[in-house]
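Predicted model follows, preceded by the sequence.
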Amino acid sequence: MTRTRPLTDLEILARMWLIRAFEEKVSELYAAGKVAGLIHLGIGQEGSAVGTCAALGRSDYVFGTHRSHAHAIAKGADLRRLMAEIAGRSTGYCKGKGGSMHISAPEVGFVTATGVVAGNIPLALGAALTSVTRNEDRVSVAFFGDGAGQSGPFHESLNMAALWKLPVVLVCENNGYVEFSPLSAHTVVERLADYASVYSIPAVTVDGGDVLAVRDAVTEAVDRARGGGGPSFVEVLTHRLRGHYEGDPARYRTLSEREEWKRKDPVARFARHLAESGVPPESLDDVEAAARTRVAVAAEQALADPPADPAGVTGDVYV
Amino acid sequence: MAARIRYIEAVRQGLQSSMRSDPSVIVLGEDVRYGGPFGATKGLADEFGKGRILDTPISEATVMGMATGAAATGLRPIVEIMFVDFATLAMDQLVNHAAKLGFMTGGLLRVPLTVRVQGGVSGRFGAHHSQSLEAWFLHTPGLKVVAPAFPGDAARLLEVAIADDNPVVYMEHRGLYWTKGEVTGNEPASGSVVRRRGDHVTIVSYSRMVHHALAAADTLAADGIGCEVIDLRWLAPLDLEPAVASLRRTGRAVVAHEAVTTGGVGAEVVARLQAARGIRTRAPIARVGAPFAPVGAAPELEDAFVPGSGDIVGAVRGLLGEAPPRTDGQKGGRT
Amino acid sequence: MREMLYAEALVESLRHQMATDERVHLMGLYFLGLTKHRAIMARLHADYPGRVYHPPIAEVGYVGVAIGAALAGLRPIVDMATASFMFQAFPQIVNEAANIHYMSGGATKVPMVFHFNHGIRGGGAAQHSHSPQAMLWNTPGLEIMAPSTPRDVMGLVNTAAASDNPTAWVDHVRLFDTSGPVPDDKDFSIPFGVADVKRQGGDVTVFASSWMVVRALEAAETLSAEGIQAEVIDPRTLSPLDEETILESVAKTGRLVVVDECHRRCGVAAEITAVVTERAFGDLVAAPIRVTTADVPIPFSPPLEQHVEPTTDKIVAAVRAVTDSAAG
Amino acid sequence: MIPDLPADRLTDYLRRMLVIRRFEEGLIELAGEYAVGHFHVYIGQEATGVPALAQLEPGDVGFTTHRNHGHLLARGTDPAAMFAEILGKETGTNRGKGGTLHIASLENGFPTTSAATGGCTPLATGAAFAFSRLGRDRVSVCLFGDGALEEGTFHESINIAALESLPVIYLCENNSLEALGQKANEYPSSTMAAAPLTDLAAAFKVPTITVDGTDTGAVHDAMATAVGRARGGGGPTFIEALTVRWPGSRPIWPQLLTGPTDLSYAWDPSAIPADYAVWHAEQDGLLRYVRELLSAGVLTPDEALAMDEQVKDRIERGVRFALDSPYPPVASALESVYA
């Protein structure tokens, strides 16, 4: 595998801003009726996506969920092709066939995303099996939310990953809400990492508001996987600042809770951290401005692209 | 003279030759290291090692998903589902993931996956171990489906399925496992084949029902009725050209399968044949299939359930006006 | 008679069941999906907090729990939200619920309802646009209802709730906004296996269920202006199927267009075509035409989605084609 | 150890165990002569099933698996009707429609048997859900082998049971020791990374108990604790009963390798044959229970033999009844698809 140079702090901030700017743009376009479909945004969860992917090489595999714009961007996906896909354009990653929930950017190791909760975890195990079988040095990551913890394939996968010592890192983005209800309405278990210990899978719970803490935790897990130590479980405590999907008023959340999480906003927090460690405020502002410009350009180009071509609709069902 | 071997041995040989020629082929399934319940993987662990013959937990959903993920990233996995009935546990991964990944990604990913399933009525196994569920797989765009009836096809089409870059459901009939036949290696890779020539009625079938169709043709030949028997082999893609050509000559057709008639493959074949031929057949195309009921465990009930050569003979005679026409191809029950 | 939205009629029928039979419990909350009407459903939840269960994302688990509860005395109405998630619960629906009564030799009953929101709803892509009825129809033991009007959903829900069989109820999200008359009598029920002639016509029979009824009626209006009178038959339940009403219509028209939102291969339209060609062979003057969703996963992008789904225009074109073909 | 029960209950437990043992032995013999299809026997697990299930009350339900005969018999299902069902006869529990894999007996609290691994877990949980919602003081018992824990259905079900404090008892009969494909002499199986298996339930904060499945008293007590918790609104319990796979059920097709059980092995060690001596002397819970009853003075060898004769006679009559019974009318194959 191609070891990639570790991201600098400013590059990490830049990725987070790219995601934030991208997601806000999607929200804006959705509100304006320029993109359609079922859109799930991960604003507030950038620390998890960027922290995790900062620990990975380009050739490592990532499997996403219905809420995976952030994961794809963190892994290095092309913004214009991504936006084009979400907007149903022929130039999108999947030629408009996948949309927001089924992103794929294999050239940067973002294999696929699923609209079925926990549906991607077995897939990630399979990619890890490929690495083992071919004696490749790649690690697979499956992102999933806390809602996946109540589903059968999640538990089946923990067993099989442990049994076969697969090089897979299970990254649980525990944002405390399963669709529209608090996790406590779905299970008596508060920390999904507890399940991992049943199978002797090393597990750690980290603060998703701290991007470097996520990166360090995942780095340890990735090193373990590359070293033949099998799977790891990283539970990232995080929060989505938007509703379950665009259009969800999210009335199930209290105002104080929202305010608290806004204070913990991983992007602003990391920017503060960099400012405190001596990075000049203007260069931090430049990072945000550059991200917003890139996103604006990508969105403009994507929306100017032609819509998906009906003539191609029967293609790609079979090779 | 080619060797005559059992169907199950042909399956084993198909697996073996594919694994020999392509190191990316792996097998996942319950107890496969020990040969599986019917011996399809016997000896393969010795030859190819535990790294390529993987014994899985009883976790059909995750095993199917893992194989899909492995297929999308460069392996050519074969999943053994011990009974097709248990494919229900893996349906989400099969239908929502394996079948759709290639399309959803606009062709960025490919899923060269083979799913071996074993099913059909044989041995009084009851309602959870006797089903024929191919219509579900046909109804899932993105899946290919193959159902060989003879050892030669069993070996050859398994190799073809494994080499295919699409997910293929490879359907084995438990009741055929101990039947013998020639394996030449020259069996055609695609399409349906004419197993017997005849001028009066076309019988379209697949899997074990082909044997019943041939037996029915023998019976009817004694009365001077010539049946053309077509073995579809591949259900998806479905090659009806030989059937259409035959129907053009005979003007009459029976579609026979072991699965429940309602919503079955027969309906699709009838709809296509009617559309292809207009309605210029001499009689309606008859369906022979299982009645609208689960499989009863009792021998008498199982026998009453499973369609056989007698049902095909009856349907053919019905088309020829020698008996009251069977209007709905069913033995009763609600639809 | 009252005029009501489909969504309102749906919830009123559920409310009526909750009010009249305390064994009725709801499991799963997304009967109205994520549509704007879901607030009506929320009011029902608020009124019966102890009898509405919001399950974890554990489809095979909670659907199986509902089946087990039916075996032990409840009459659960379990909602799977998007029909595509049926596949996770498949072993419990098709191996357990559908078979238990038969396997027990008739002793054990499974009185329950599975609710699915099916079909293409705009941007759902491959995993949120499924129409499950064809696969379910291949499963003996399940009753299948697919209402198309406020009146029908109310009458069929009453029948399903009273049935001792497991019933699959497929609803189309696009129907929720439609409105129509419903009887004042809340006990009004529509027996299973009785088709409804939604429009009379003598030139061609158009079979359609669920949302496709709406499109078929639109198509019939267009065709009427051209002088083609289509008879639109809505089976209302697929299992049991009212074959006689379809056959009577075909006997009159000699021509059949089968409209259905399932994929074509082994779909509902294939079965209807086969039944009619088998049983009404002499009546048909042209081969039936199927108008279905193409055999591809549902694409996300709107123009692609419209290209694969059975639209009003495609129905119109199919009717023209079948009426243009000469008598055989 | 012996359960703390009156003598008549103790001997009743033994009678039920013998019914199971002789039933399964009879079935294996029958299978030699008649095509009964694939079946699974409960030999070696009687000391789990009987104390666990015979203490249930009418109205309590059980949901079991392919290895179900012992569970049904433990609750008093008629062996004759079960033989008839296994032979596919009209007089069978399910009128021939279920066969060995799907035996149902509503009056004995078994609405259905699912032969799909893990199929029973949500069903049992669901019955408990109904009891809880209907305010009925009933418990639901989920009976399964260790393999069912590999299926996602188990985890989805027990999560709901824990969340809702449902009156359900998950009784895992871990007979994986020496079963096909196992690591030699090791629990759990080679296809499960979790050890001990009780951790799987504990992860959902469900109380767990591990018992020796050949110890009638220990199983009885564990189950009594669990039933008490369930009836008291305390929610689910997970019990793992450890048994040894009977040599005759290895690898897949049952064979009477150990011969029909001779009760005298319990009081006359010299009678134990050299083959499978460890099985008879240490691993067979039924013989162990007989030994315990003898040493406690609850029963004499003669009384045990007399009881055994009665049971054998009942089983023989059951076999005859089943063989003499007619097959169901063919037309019934299409009936009862719908209620």
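It's in. This one's a predicted model, so the numbers in the text were calculated from it and none came from an experiment. Numbers count the residues shown, from 1 in each chain, chains lettered A, B, ... in the order given.

quick one: is the helix or strand of chain B with the lowest mean pLDDT near chain D?
Within chain B, no helix or strand scores below helix B:299-305, which has a mean of 85 by mean pLDDT, DSSP states H and E. Yes: applying C-beta under 8 Å from any C-beta of the partner chain, one finds helix B:299-305 in contact with chain D at B:299-305. In this view, the C-beta of every residue, glycine as well, is placed from N, C-alpha and C.

Tell me which residues touch the most centrally placed residue in chain C, please.
With distances taken as C-alpha atoms, centre = their mean, residue C:146 lies nearest the centre of chain C, 1.8 Å away. Residue C:146 sits next to C:133, C:169-170, C:209-210, C:235-238 when contact means C-beta atoms under 8 Å, 6 or more residues apart in numbering or on different chains.

hmm, who's touching stretch B:241-254?
Here stretch B:241-254 makes contact (C-beta under 8 Å, 6+ apart) with B:191-194, B:198-204, B:228, B:230, B:232, B:269, B:273, B:276-277, B:280-283, B:285-288, B:312, B:315-316, B:319-320.

what about it, distance to the chain center?
The chain centroid and the centroid of stretch B:241-254 are separated by 21 Å, computed with C-alpha atoms, centre = their mean, to the nearest Å.

could you point out which element follows the least confident helix or strand of chain B?
For helix B:299-305, the following helix or strand on the C-terminal side (DSSP states H and E) is helix B:309-319.

Let me see the mean pLDDT of that next one.
Helix B:309-319 carries an average pLDDT of 96.

Next: stretch C:33-46.
Averaging pLDDT along stretch C:33-46 yields 89.

what about it, distance to the chain center?
In terms of C-alpha atoms, centre = their mean, the centre of stretch C:33-46 is found 21 Å from the chain centre.

anything in that stretch sitting right up against chain A?
Yes: Stretch C:33-46 is in contact with chain A by C-beta under 8 Å from any C-beta, via residue C:34.

buried ones in that stretch?
C:33-35, C:37-38, C:40-41, C:44 (16 or more other C-beta atoms under 10 Å in any protein chain shown).

Compile those residues into TSV and extend it with columns for distance to chain D.
What follows is those, written out as TSV (distance: C-beta to the nearest C-beta, whole Å):
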residue	distance to chain D
C:33	23
C:34	23
C:35	27
C:37	27
C:38	23
C:40	24
C:41	20
C:44	17
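
Can you name the two of those residues that sit furthest apart?
Using C-beta to C-beta, those reach their maximum pairwise distance at C:34 and C:44, which is 16.5 Å.

measure residue D:175 to residue A:109 for me?
Using C-beta to C-beta, to the nearest Å, one gets 44 Å for the distance from residue D:175 to residue A:109.

still on that earlier bit, residue C:21: which of the buried residues of stretch C:33-46 is nearest?
residue C:44 (14.6 Å).

In the stretch 151-300 of chain D, which residue sits closest to chain C?
residue D:156 (2.6 Å; C-beta to the nearest C-beta).

so that residue is in which element?
Per DSSP H and E: residue D:156 is located in helix D:152-164.

With residue B:27 instead?
According to DSSP H and E, residue B:27 maps onto strand B:25-29.

hmm, that strand in reach of chain A?
Yes: using C-beta under 8 Å from any C-beta, strand B:25-29 reaches chain A at residue B:26.

same for that strand, what does it pack against?
Judged by 3 or more C-beta pairs under 8 Å, 6 or more residues apart in numbering or on different chains; DSSP states H and E, the packing partners of strand B:25-29 are helix B:7-21, strand B:53-55, helix B:60-72, strand B:76-81.

Check for me that residue C:114 belongs to a helix.
No: under DSSP: H, G, I helix; E, B strand; the rest coil, residue C:114 falls outside any helix and is assigned strand.

What ranges does chain C have for its strands?
Remark: strands assigned in chain C by DSSP state E are C:2-5, C:24-27, C:52-53, C:75-82, C:112-118, C:143-145, C:166-172, C:179-182, C:196-199, C:204-207, C:230-234, C:237-239, C:256-263, C:289-293.

Need the ones you listed in TSV (columns: distance to chain B, mean pLDDT and mean neighbour count).
TSV is the format used below for the strands of chain C (distance: least, C-beta to the nearest C-beta, whole Å; pLDDT from 0 to 100; neighbours: other C-beta atoms under 10 Å in any protein chain shown):
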stretch	distance to chain B	mean pLDDT	mean neighbour count
strand C:2-5	31	96	16
strand C:24-27	19	94	24
strand C:52-53	22	91	20
strand C:75-82	11	93	25
strand C:112-118	14	97	27
strand C:143-145	9	97	26
strand C:166-172	13	97	27
strand C:179-182	28	97	17
strand C:196-199	18	98	18
strand C:204-207	13	98	30
strand C:230-234	16	98	26
strand C:237-239	7	97	28
strand C:256-263	6	97	28
strand C:289-293	6	97	25
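
can you redo these as TSV with distance to residue D:299?
Listed next are the strands of chain C as TSV, based on distance: least, C-beta to C-beta, whole Å:
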stretch	distance to residue D:299
strand C:2-5	72
strand C:24-27	48
strand C:52-53	49
strand C:75-82	47
strand C:112-118	48
strand C:143-145	54
strand C:166-172	48
strand C:179-182	71
strand C:196-199	71
strand C:204-207	72
strand C:230-234	71
strand C:237-239	57
strand C:256-263	65
strand C:289-293	70
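
Next, give me the two most distant ones among the residues of helix B:299-305 next to chain D.
Spatial extent of these (C-beta to C-beta) is set by the pair B:299 and B:305 at 10.7 Å.
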